[in-house]
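# sharing a model prediction with you, sequence too.
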Amino acid sequence: MGRWYEQYRYDASFEQGLEAVTADYSLNRDGSVRVVNQGRKRGPNGKLRKSVGKARIEDKATSAKLKVSFFGPFYGNYWVLDHGDDYEWSIVGEPSGRYLWVLTRNAKPGAALLIELEARVRALGYNWSMIHFTRH
């Protein structure tokens, strides 16, 4: 829960041109998760774009597999593939490998952490040449 800052991603049409991307998660009364994604068009000072959706936990044992919807009854997979011991970072994707997000708790983490995250993304089999580096 709380605020996460996108550091890297596979570019997707719904995030095209967005920078300074954040994701805020909070628990709804019904047990679902409220998701607020926002970013700025063409740079950290650009026009704000915001999407509000909801997620439900699919794997109660680990809470690592969720279904997320921003468009009514249509849900997509959102899987936590790896995370820091203290949840200071998270790598999120889905089974097809089409989407990828690398999130941190700090908007501007240190170089050592970013290098570690790159190694972890590569170890998961993602193509580093397809990565978009998110500016904050």
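That came in fine, so what should we check first? Numbers count the residues shown, from 1 in each chain.
# ok, which stretches of this structure are helices?
Ranges of helices in the chain, per DSSP state H, are 111-123.
# tell me how many other residues surround residue 74.
Applying other Cβ atoms under 10 Å, we find 9 residues neighbouring residue 74. C-beta: built from backbone N, CA, C; applies to glycine.
# quick check: it vs residue 67, distance?
Using Cβ to Cβ, to the nearest Å, we find residue 74 at a distance of 10 Å from residue 67.
# go ahead and flag the most central residue of the chain.
If you average the C-alpha coordinates of the chain and look for the closest C-alpha using Cα atoms, centre = their mean, you land on residue 101, 4.2 Å from that point.
# contacting residues for the residue nearest to that residue when sequence neighbours are not counted?
Closest residue in space to residue 101, ignoring its immediate chain neighbours: residue 92 at 4.5 Å, by Cβ to Cβ, 6 or more residues apart in numbering. Going by Cβ atoms under 8 Å, 6 or more residues apart in numbering, residue 92 touches 78, 79, 80, 81, 100, 101, 102, 103.
# which among these gets closest to residue 24?
residue 103 (11.2 Å; Cβ to Cβ).
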